[in-house]
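Q: what follows is a protein structure lacking sequence information:
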């Protein structure tokens, strides 16, 4: 009976595979400079003589290049590892920034209510009326117009993180606001007010820990969306530059050669992007169901 209970608590096989894939990709992201056969940012590390070589498992392939090379002679394994690193870091950065802003505004709106709540929620309603990709394109375009080329190359990751997270904080704010309004009516919060604890301490030390489970679930689900948004911006030419390519930039570059027979330049990074987003979505769905009070009661 105990064995059946233990097996019932284990995640499904698909979720365990997704967790494993994410763990492997996290290792690749952290140790990409040491794992990659060459540094694609270093022009001296690759040669135009090696350009457009097919993957090693195809006719004409080279054992040195497992997934082939691109139009510049860069090893696709190395380029994808660095591209994966950039995409994941930008996605995580956007999620963290949006979560921090949304949690703070949601706590303030739910705790104080009244005018503060109305102002925060009306701003959220205005932002939600615009598609995330449209707002991100607008912010990225304004930044590129106001900053010089060198500044854009330097600050491209920061611009992308800000552009992606402008709309994403609304979901965190609404969820935290609703949970905070419930917690404010509880006895422990009333007791904290009675003994004179500052509002900031009550929100951070007492209310915030009780709403973080929902925030973690939303953050996991939104990570896939942030990575896809970054890939879309880079594919449209409004994201990372070709010198520091993300997965979206690699797909955009490979798309130019897709119908000339050099399919691997676009398909390989696209496959990595699909696997990454699918694994994140599977884990996010599992966490959402796992922390759902109604399902847990069943």
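A: Received, thanks. Fair warning: this is a prediction, and the values are worked out from it, not measured in the lab.
Q: before we move on, what SS does residue 63 have?
A: Following DSSP: H, G, I helix; E, B strand; the rest coil, the label given to residue 63 is coil.
Q: for it, give me its contacts.
A: residue 56 (CB atoms under 8 Å, 6 or more residues apart in numbering). In this view, the C-beta of every residue, glycine as well, is placed from N, C-alpha and C.
Q: tell me the confidence at it?
A: We have a pLDDT of 85 for residue 63.
Q: again, but for the one 4 residues further on
A: Each residue has a pLDDT score; the one for residue 67 is 86.
Q: same question, residue 49
A: 81.
Q: how close does it sit to residue 93?
A: For residue 49, the distance to residue 93 equals 37 Å [CB to CB, to the nearest Å].
Q: how about residue 19?
A: 22 Å.
Q: the two: which is more packed in?
A: The neighbour comparison of residue 19 against residue 93 (other CB atoms under 10 Å) goes to residue 93, with 19 against 15.
Q: which residues touch the residue nearest to the spatial centre of the chain?
A: Central residue of the chain (CA atoms, centre = their mean): residue 91, 2.6 Å from the mean position. Contacts for residue 91 (CB under 8 Å, 6+ apart) come out as 164, 223-224, 226-227, 230.
Q: after the one helix or strand it maps to comes which helix or strand?
A: Residue 91 is part of helix 76-112 when elements are defined by DSSP states H and E. The first helix or strand that comes after helix 76-112 along the chain, using DSSP H and E, is helix 114-128.
Q: could you check the angle helix 76-112 makes with that next one?
A: Put simply, helix 114-128 runs at 150 degrees to helix 76-112, going by axes from the mean of the first three to the mean of the last three CA atoms, to 10 degrees.
Q: hmm, who's touching helix 114-128?
A: By CB under 8 Å, 6+ apart, helix 114-128 touches 105-106, 108-110, 135, 166-167, 170, 173-174, 177.
Q: buried subset of these as a PyMOL selection?
A: To isolate the buried members of the contacts of helix 114-128 in PyMOL, using 16 or more other CB atoms under 10 Å:
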select buried, resi 105+106+108+109+110+135+166+167+170+173+174+177
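Q: thinking residue 232 is in contact with residue 248, fair?
A: Yes. Using CB atoms under 8 Å, residue 232 is in contact with residue 248, at 6.5 Å.
Q: who has more neighbours, the two?
A: residue 248 (29 against 18).
Q: my guess is the more buried one meets residue 234, correct?
A: Yes. Assessed by CB under 8 Å, residue 248 is found in contact with residue 234 at 3.0 Å.
Q: joint contacts of these two?
A: Joint contacts of residue 248 and residue 234 (CB under 8 Å, 6+ apart) are residue 240.
Q: mind checking the end-to-end distance for stretch 140-153?
A: Chord length of stretch 140-153, first to last residue, is 12 Å (CA to CA, to the nearest Å).
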